[in-house]
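Participant: no FASTA, just this:
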């Protein structure tokens with residue numbers, strides 16, 4: 001980079017004045033006169049050359065911490081007097097290029113005192129920011145009497161009314177906020193994740209086979225939970241329990257199951273071994289492999305991009321990331337595919353009519369023109385998107401709405417119930433729904449889960465462009481092309497082999513046993529090439545377990561015989577599987593009996609060991625009451641030995657996340673029960689009779 005004006009001014013003082021002095025020396029002879037003329041002639045040339053010489057820039061890096069030594073995430077670093085700047089990463093580190101060794105860097109963060117530091121030629125500058133004594137906040141969440149509101153503190157907090165006294169408001173770093181004269185009492189502690197919405201998960205418990213011989217659930221191919229958990233860990237925070245859906249974490253990864261050999265769209269794979277976290281229990285893996293259809297053989301697509309452009313989508317990890325993601329998807333489209341684009345903020349509108357996938361420049365130009373602002377009329381946007389998809393419906397094709405949002409709907413139909421009923425009605429048209437979640441701080445995970453479930457669709461959380469590439473490029477067919485819908489599994493356990501069982505995860509996918517044969521009951525969808533993995537923790541016959549609760553003897557049921565037809569065989573269970581074609585209304589049935597053939601954990605497949613490690617990790621993050629001897633050390637040991645052919649690096653990344661979580665968990669102060677282990681939770685309560 002050239003800094004011509006500054007150089008010229010500086011060099012004028014350093015060079016021009018000495019040359020002028022030389023020119024005024026009295027001539028003592030021919031040589032002096034000649035030299036004086038040469039110097040005067042060369043002076044402008046030298047001045048120009050030196051003025052345009054490049055100045056060597058300096059790269060400055062360092063770490064920004066608070067007064068307790070914790071990293072400050074998202075702190076602003078600016079070069080004073082310029083527009084050059086950057087922000088700190090999740091570990092508090094930053095890197096910036098300065099043009100001059102005497103430049104001044106300005107460090108600032110919400111709730112912190114601003115600090116100016118002179119570079120002085122240094123390449124490493126670590127900074128500690130003190131808590132601010134007075135605070136100006138961009139955002140605060142006000143919670144009072146059951147109502148949450150997002151407000152600009154500068155002018156509007158004083159408008160909240162109430163009858164009690166004693167208002168105390170803090171920022172996300174605990175800094176008191178001056179609010180003026182106010183009546184009303186509110187307990188305010190705004191955090192970066194406070195307005196995010198997660199449903200409570202009541203973990204599946206162990207059930208007795210004699211009382212519950214059948215376990216029925218809908219498949220789940222969503223993987224949003226894993227990438228969201230990754231976002232929390234990368235930001236130096238353990239995720240809330242409601243964000244940890246173990247089945248989605250397990251199904252984030254690709255497993256090497258065999259492709260179907262017959263006309264069925266699936267292959268069923270099973271394995272049995274010891275449960276790594278409780279050696280008295282067994283772990284049963286059930287893996288489904290969907291048939292992979294080559295992209296060139298996929299049916300034509302009728303896609304409608306439904307993009308949230310409201311004010312809440314303005315940050316860099318929202319609308320700008322949405323635009324980059326959609327461009328990746330556009331690059332995958334063919335001439336026969338068509339794309340329309342609907343946007344919504346305070347109202348909804350069609351900004352791109354259905355356009356051939358061959359016209360990529362036209363589609364990308366429309367994406368580039370998107371800007372954020374206004375409220376969030378999500379309901380109106382969804383209605384218009386479905387209306388557009390139905391008008392250009394492709395019979396036998398892939399008709400789908402792709403919703404990109406943070407889920408923070410606040411205008412029109414926005415309640416979960418209203419949105420669910422609307423989606424349930426719209427799905428009857430044969431249009432599927434893909435929900436892509438973006439952002440943090442107000443991310444409404446629970447709402448988007450419900451929309452995807454009710455819309456015959458899937459849900460992914462996009463925490464960066466790499467995840468967008470995984471979902472929309474690497475897994476293009478699985479994400480957008482359904483090969484089977486309303487996919488259900490029903491497991492019948494043999495009471496001669498199993499006394500109790502627990503399905504790990506899938507809590508929001510459980511079905512009544514009668515739903516399995518009911519073709520009117522909605523269930524999950526499976527895409528081209530997708531895998532689905534489910535894990536059952538099983539308590540064998542002959543093991544005493546406090547996990548299994550007893551009830552009083554029944555008066556009228558004494559002579560009832562065991563339900564299972566396989567009581568006297570070597571089968572441990574039977575997998576029954578129902579599905580419909582994407583445009584079908586009548587389900588088909590597949591049955592797969594499983595022999596009681598167990599092998600040591602060390603001799604199981606990479607699929608088994610890696611899935612077990614992810615499930616164990618999820619139980620630790622959730623602090624599950626069923627984690628028994630689970631530990632981060634065991635998770636790491638299993639995962640490291642089961643990386644397999646990790647070409648895309650997802651399993652290696654998982655190992656790094658576990659290591660991060662292990663360090664965060666050690667720094668977390670919680671009361672420990674006397675029976676707790678160092679890393680896990682309660683000691684196992686199962687033992688051999």
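Facilitator: The structure has been received and is ready for your questions. Everything numeric here is computed off the predicted structure, so don't read it as measured data.
Participant: Identify the residues contacting the closest residue to residue 396 other than its chain neighbours.
Facilitator: Of all residues not flanking residue 396 in the chain, residue 299 sits nearest, at 5.9 Å (Cβ to Cβ, 6 or more residues apart in numbering). (C-beta placed from N, C-alpha, C; glycine too.) With contact set as Cβ atoms under 8 Å, 6 or more residues apart in numbering, residue 299 has these partners: 394, 396-398, 481.
Participant: Over to residue 517?
Facilitator: Residue 517 neighbours (Cβ under 8 Å, 6+ apart): residue 578.
Participant: can you tell me how far it sits from residue 486?
Facilitator: Here residue 517 is placed at a distance of 12 Å from residue 486 (Cβ to Cβ, to the nearest Å).
Participant: So for these two, which residues contact both of them?
Facilitator: Residues touching both residue 517 and residue 486 (Cβ under 8 Å, 6+ apart) are residue 578.
Participant: on that earlier part again, generate the PyMOL command that creates a selection of the buried members of the contacts of residue 299.
Facilitator: This is how PyMOL selects the buried members of the contacts of residue 299, with burial counted by 16 or more other Cβ atoms under 10 Å:
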select buried, resi 394+397+398+481
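Participant: Filter the contacts of residue 299 down to the ones in strands?
Facilitator: residue 398 (DSSP state E).
Participant: pLDDT wise, what is residue 547 at?
Facilitator: Residue 547 carries a pLDDT value of 93.
Participant: Without its sequence neighbours, what residue ends up closest to it?
Facilitator: Nearest non-adjacent residue to residue 547, counting by Cβ to Cβ, 6+ apart: residue 206, 4.2 Å away.
Participant: The one you found is in contact with residue 503, isn't it?
Facilitator: No. At 9.9 Å, residue 206 does not count as touching residue 503 under the criterion of Cβ atoms under 8 Å.
Participant: How much space separates the residue nearest to residue 547 from residue 326?
Facilitator: Using Cβ to Cβ, we find residue 206 at a distance of 45 Å from residue 326.
Participant: more crowded one of the two?
Facilitator: residue 326 (24 against 21; other Cβ atoms under 10 Å).
Participant: buried sites along stretch 367-380?
Facilitator: Neighbour-count burial for stretch 367-380 [16+ other Cβ under 10 Å]: 367, 370, 372, 375-380.
Participant: just stretch 506-516 next, same as before
Facilitator: Buried residues in stretch 506-516 (16+ other Cβ under 10 Å): 506-509, 511, 515-516.
Participant: Looking at the residues you listed, spot the one nearest residue 423.
Facilitator: Residue 423 lies nearest to residue 508 out of those, by Cβ to Cβ, at 15.6 Å.
Participant: show me where pLDDT drops low in the stretch 251-400 of the chain?
Facilitator: 376 (pLDDT under 70).
Participant: now with 90?
Facilitator: For the stretch 251-400 of the chain, the stretches flagged by pLDDT under 90 are 260-266, 292-298, 310-317, 344-348, 372-382, 396.
Participant: And the strands in the stretch 551-689 of the chain?
Facilitator: 571-580, 588-595, 686-688 (DSSP state E, counting those that start in this stretch).
Participant: check contacts around residue 576.
Facilitator: Contacts of residue 576 (Cβ under 8 Å, 6+ apart): 489-492, 516, 589-592.
Participant: Tell me which of the buried residues of stretch 367-380 fall in helices.
Facilitator: Among the buried residues of stretch 367-380, the ones falling in helices (DSSP state H) are 367, 378-380.
Participant: now those residues as CSV including distance to residue 618?
Facilitator: Shown next, in CSV, are these (distance: Cβ to Cβ, whole Å):
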residue, distance to residue 618
367, 36
378, 30
379, 33
380, 37
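Participant: Out of these, which is nearest to residue 534?
Facilitator: Of these, the one sitting nearest to residue 534 (Cβ to Cβ) turns out to be residue 378, at 32.2 Å.
Participant: Can you get me a residue count around residue 122?
Facilitator: Residue 122 has 12 neighbours, counted by other Cβ under 10 Å.
Participant: List the single closest residue to it in space, sequence neighbours excluded.
Facilitator: Residue 122 sits nearest to residue 60 (Cβ to Cβ, 6+ apart), 6.9 Å away.
Participant: Any figure for the gap between residue 281 and residue 349?
Facilitator: From residue 281 across to residue 349, the span is 56 Å (Cβ to Cβ).
Participant: which of these two has more neighbours?
Facilitator: Using other Cβ under 10 Å as the criterion, residue 281 and residue 349 rank with residue 281 on top: 25 against 13.
Participant: List the residues that contact residue 109.
Facilitator: Residue 109 is in contact with 64, 72, 74-76, 129, counting by Cβ under 8 Å, 6+ apart.
Participant: Repeat the analysis, applying 6 Å as the threshold.
Facilitator: 72, 75, 129 (Cβ atoms under 6 Å, 6 or more residues apart in numbering).
Participant: Tally up the residues packed near the residue lying closest to it once chain neighbours are set aside, please.
Facilitator: Counting by Cβ to Cβ, 6+ apart, residue 109 lies nearest to residue 75, which is 4.0 Å off, once chain neighbours are set aside. Close neighbours of residue 75, defined as other Cβ under 10 Å, add up to 22.
Participant: Run a quick check on residue 75 versus residue 62, I expect a contact.
Facilitator: No. Taking contacts as Cβ atoms under 6 Å, residue 75 lies outside contact range of residue 62: 10.9 Å.
Participant: pLDDT wise, what is the residue lying closest to residue 277 once chain neighbours are set aside at?
Facilitator: Nearest non-adjacent residue to residue 277, counting by Cβ to Cβ, 6+ apart: residue 630, 4.0 Å away. With respect to pLDDT, residue 630 has a value of 96.
Participant: who's in contact with residue 630?
Facilitator: By Cβ under 6 Å, 6+ apart, the contact list for residue 630 reads 277, 616, 619-620, 680.
Participant: Out of those, grab the one that's most surrounded.
Facilitator: With neighbours defined as other Cβ under 10 Å, the most crowded of these is residue 616; it has 29 neighbours.
Participant: okay if I get the contacts of residue 109 as TSV plus secondary structure?
Facilitator: Listed next are these as TSV, based on DSSP: H, G, I helix; E, B strand; the rest coil:
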residue	secondary structure
72	coil
75	coil
129	strand
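Participant: quick one: which of the residues you listed is nearest to residue 256?
Facilitator: Using Cβ to Cβ, residue 72 is the member of the contacts of residue 109 that lies nearest residue 256, at 42.5 Å.
Participant: Confirm for me that that closest one is in contact with residue 92.
Facilitator: Yes. Look at residue 72 against residue 92 with Cβ under 6 Å: they come within range, at 5.4 Å.
Participant: anything in contact with each of the two?
Facilitator: With Cβ under 6 Å, 6+ apart as the test, residue 72 and residue 92 both reach residue 64.
Participant: I'd like to know which helix or strand in this structure has the lowest mean pLDDT.
Facilitator: Least confident helix or strand, the chain: helix 153-156 with a mean of 30, by mean pLDDT, DSSP states H and E.
Participant: quick one: buried residues of stretch 300-318?
Facilitator: When burial is assessed from 16+ other Cβ under 10 Å, stretch 300-318 yields the following buried residues: 300-310, 312-313, 317-318.
Participant: of those, closest to residue 362?
Facilitator: After measuring those against residue 362 - Cβ to Cβ - the closest member comes out as residue 305, at 13.3 Å.
Participant: Report the secondary structure state of the closest one.
Facilitator: strand.
Participant: Show me what it bridges to in the sheet.
Facilitator: On the basis of DSSP bridges, residue 305 is bridged to residue 341, residue 402.
Participant: quick one, what contacts it?
Facilitator: Neighbouring residues of residue 305 by Cβ under 6 Å, 6+ apart: 326, 341, 402.
Participant: still on that earlier bit, I'd like to know which of the buried residues of stretch 506-516 is nearest to residue 244.
Facilitator: Residue 244 lies nearest to residue 507 out of these, by Cβ to Cβ, at 10.9 Å.
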